[in-house]
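**Student:** next one to model:
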Amino acid sequence: MKAVGIVTEYNPFHNGHIYHIQQAKKETGADVVVAIMSGNFVQRGEPALFDKWTRAQAALENGVDLVIELPIFYAVQPSHLFAEGAVKLLAALGVRDMVFGSEHADVDFLSLAQQAPSVAQGKAFQDKNQTFASAYANQLEAETGFKLENPNDILALGYAKAVVDLAANIKLHAIQRVTAGYHDSTFSDEQTIASASSIRLALHKNKLDKVQNVVPAVTLQNVQSMNNTIDFEQKFWPLLKYRLMTDTVGQLSQVYQMAEGLEHRLASVALGEPSPQNYQNFIKSVKSKRYTFARVQRTLLYTLLNVKVDQMQAAMQAPYLRVLGFTDVGQQYLNTIKKEVTLPLISKVDRNVTKNNLRLDFKAGKLWQMLANDAGQQQDVTRKPIYVAGKQ
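**Tutor:** Model (predicted):
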């Protein structure tokens with residue numbers, strides 16, 4: 001069976017994702033679509049709108065055959081680590097083709113990756129008045145002539161670099177992003193494809209009728225019936241403020257991605273007078289030219305979860321394949337490759353697993369439930385993969 005891999009967040013699942021799935025199969029002639037999907041938290045450090053099971057179900061009902069969770073130690077990371085983790089999981093599953101969206105689908109990202117400067121090399125990285133991402137983009141443009149500034153292009157280069165660095169036997173296919181831009185905050189009534197961020201904004205404003213044309217029926221049903229984190233900041237900020245007030249600066253300095261005195265800045269702003277009244281005001285007060293909004297937000301999530309540097313490093317050295325769900329075709333593919341899979345394949349989770357492999361994702365799942373006011377079924381322990389029958 002020929003498999004094509006896609007890397008997703010589905011936050012939430014919308015019509016653009018259906019187009020991506022369809023184009024992936026068309027481009028590669030694949031028999032099975034494998035999605036590597038972020039778990040309960042997404043790359044920029046926010047909780048996903050719906051939990052990972054709800055989003056996996058939507059994907060399986062709309063063209064995906066196998067959903068594998070991208071663990072939090074890969075999912076909530078800068079683009080190069082996010083991409084590296086996703087490529088590593090696809091390679092372990094025997095996937096030989098990968099399709100991703102791009103603002104410049106005509107660019108040969110693999111060739112660009114082979115020319116790209118190594119991280120932390122070049123004069124640009126000595127400038128502390130710009131973010132890491134800006135420094136990298138400037139250095140890349142200086143060496144290759146390509147201006148890297150669009151979100152999907154950044155991830156595309158990340159995938160290509162990961163394929164090169166890991167010597168992965170994966171062919172890359174870029175497809176042109178259509179209709180909606182990644183950062184679009186609005187969409188017209190005539191559009192059938194909109195960005196995930198604009199959909200979330202419409203839902204935040206309680207404009208359910210606005211999103212009906214840009215999401216499938218399953219997402220509309222989820223909005224109406226499932227717990228979600230659309231107002232997560234109201235609960236996130238008091239929890240975070242408590243951590244910042246009770247931990248010493250020395251304790252905060254051990255948190256993953258805490259660097260260059262950021263712990264002092266976080267503590268002083270949280271404890272300052274007047275104290276920030278909400279989460280957004282706090283981040284705006286902390287943010288500097290060196291750190292992007294996403295970087296700060298990721299660090300705050302690690303702070304709340306109390307993820308230490310050594311814990312994150314240990315987790316990244318022991319990746320695994322957590323199966324969230326499959327169709328008949330996906331199950332057949334798993335049966336075909338299970339003897340060749342090069343990473344632990346996890347389909348059933350007990351308490352022992354949550355103390356080892358899934359420790360960070362287990363904690364993240366508990367936090368997600370708190371932010372979503374979801375007292376229902378646990379996110380990990382006793383959960384079995386979703387099976388969607390009849391999808392051929």
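
**Student:** quickly list the domain ranges of this protein.
**Tutor:** Annotated domains of the chain cover 3-104+150-229+319-358+377-388, 233-314 [automatic domain parsing].

**Student:** do you know how far the spatially closest residue to Leu252 that is not a sequence neighbour is from Gln280?
**Tutor:** Once flanking residues are discounted, Leu252 sits nearest to Glu263: 3.8 Å by Cβ to Cβ, 6 or more residues apart in numbering. For every residue, glycine as well, the C-beta is placed using N, CA and C. Using Cβ to Cβ, to the nearest Å, one obtains 21 Å as the distance from Glu263 to Gln280.

**Student:** which one's more surrounded, those two?
**Tutor:** Between Glu263 and Gln280, Glu263 has the larger neighbour count (other Cβ atoms under 10 Å), namely 22 against 12.

**Student:** hmm, back to that, hey, which of the domains of the chain is tucked in deepest?
**Tutor:** Mean neighbours per residue, mean count of other Cβ atoms under 10 Å, is largest over the domains of the chain for domain 3-104+150-229+319-358+377-388, with a mean of 20.

**Student:** name the next helix or strand downstream of the helix or strand where Gln221 lies, please.
**Tutor:** Using DSSP states H and E, Gln221 sits in helix 217-225. Of the helices and strands lying after helix 217-225 in sequence (DSSP H and E), the nearest is helix 233-246.

**Student:** check which helices and strands that following helix sits against.
**Tutor:** helix 262-271, helix 279-286, helix 293-305, helix 359-372 (3 or more Cβ pairs under 8 Å, 6 or more residues apart in numbering; DSSP states H and E).

**Student:** and those helices: which comes nearest Ala116?
**Tutor:** Put simply, out of those the one that sits nearest Ala116 is helix 293-305, at 20.3 Å, with distance taken as Cβ to Cβ.

**Student:** now that closest one: mean pLDDT?
**Tutor:** Confidence over helix 293-305 (mean pLDDT, whole number) is 94.

**Student:** now find how far off-centre it is within its chain.
**Tutor:** Between the mean C-alpha point of helix 293-305 and the mean C-alpha point of its chain there is a distance of 14 Å (Cα atoms, centre = their mean, to the nearest Å).

**Student:** report the angle between that helix and helix 279-286.
**Tutor:** Regarding helix 293-305 and helix 279-286, their directions subtend 110 degrees when assessed with axes from the mean of the first three to the mean of the last three Cα atoms, to 10 degrees.

**Student:** got the angle for helix 293-305 vs helix 359-372?
**Tutor:** Calculated by the same axes, to 10 degrees, helix 293-305 forms an angle of 100 degrees with helix 359-372.

**Student:** give me the angle between helix 293-305 and helix 233-246.
**Tutor:** Angle of helix 293-305 versus helix 233-246, following the same axes, to 10 degrees, is 70 degrees.

**Student:** alpha carbons only: can I get helix 293-305 in PDB?
**Tutor:** What follows is the C-alpha trace of helix 293-305 in PDB, where atoms were taken according to Å, rounded to 0.1, in the frame of the first residue of the first chain:
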ATOM      1  CA  PHE A 293       4.500  36.200  20.600                       C
ATOM      2  CA  ALA A 294       4.500  32.500  19.900                       C
ATOM      3  CA  ARG A 295       7.800  31.900  21.600                       C
ATOM      4  CA  VAL A 296       6.600  33.700  24.800                       C
ATOM      5  CA  GLN A 297       3.400  31.800  24.800                       C
ATOM      6  CA  ARG A 298       5.100  28.400  24.400                       C
ATOM      7  CA  THR A 299       7.400  29.200  27.300                       C
ATOM      8  CA  LEU A 300       4.400  30.100  29.400                       C
ATOM      9  CA  LEU A 301       2.700  26.800  28.700                       C
ATOM     10  CA  TYR A 302       5.900  25.000  29.700                       C
ATOM     11  CA  THR A 303       5.900  27.100  32.800                       C
ATOM     12  CA  LEU A 304       2.400  26.100  33.700                       C
ATOM     13  CA  LEU A 305       3.100  22.400  33.000                       C
END
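
**Student:** now the helix or strand just after that helix - C-alpha only, CSV.
**Tutor:** Next helix or strand after helix 293-305 toward the C-terminus (DSSP H and E): helix 309-316. Output of helix 309-316 as CSV, limited to C-alpha atoms (Å, rounded to 0.1, in the frame of the first residue of the first chain):
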residue,chain,number,x,y,z
VAL,A,309,14.9,21.3,30.4
ASP,A,310,16.1,17.8,31.3
GLN,A,311,12.5,16.4,31.1
MET,A,312,12.1,17.8,27.6
GLN,A,313,15.4,16.6,26.4
ALA,A,314,14.7,13.1,27.7
ALA,A,315,11.3,13.0,26.1
MET,A,316,12.7,14.1,22.7
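
**Student:** same for whichever helix or strand comes after helix 309-316, what does it pack against?
**Tutor:** Reading on from helix 309-316 to the C-terminus, the next helix or strand found by DSSP H and E is strand 321-327. Counting contacts by 3+ Cβ pairs under 8 Å, 6+ apart, strand 321-327 is packed against helix 52-60, strand 66-70, helix 328-337, strand 345-346, strand 386-388.

**Student:** same thing but 10 Å
**Tutor:** With contacts taken as 3 or more Cβ pairs under 10 Å, 6 or more residues apart in numbering; DSSP states H and E, strand 321-327 sits against strand 32-38, helix 52-60, strand 66-70, helix 79-92, helix 328-337, strand 345-346, strand 386-388.

**Student:** among these, which comes closest to Val215?
**Tutor:** Set against Val215 and scored by Cβ to Cβ, the helices and strands packed on strand 321-327 come closest in helix 52-60, at 9.1 Å.

**Student:** now do that closest one against helix 328-337, angle only.
**Tutor:** 100 degrees.

**Student:** returning to what we had before: neighbouring contacts of the helix holding Gln221?
**Tutor:** Identification of contacts with helix 217-225 by Cβ atoms under 10 Å, 6 or more residues apart in numbering yields 10, 12-15, 17, 49-51, 54-55, 57-62, 199, 203, 208, 211-212, 215-216, 226, 228, 230.
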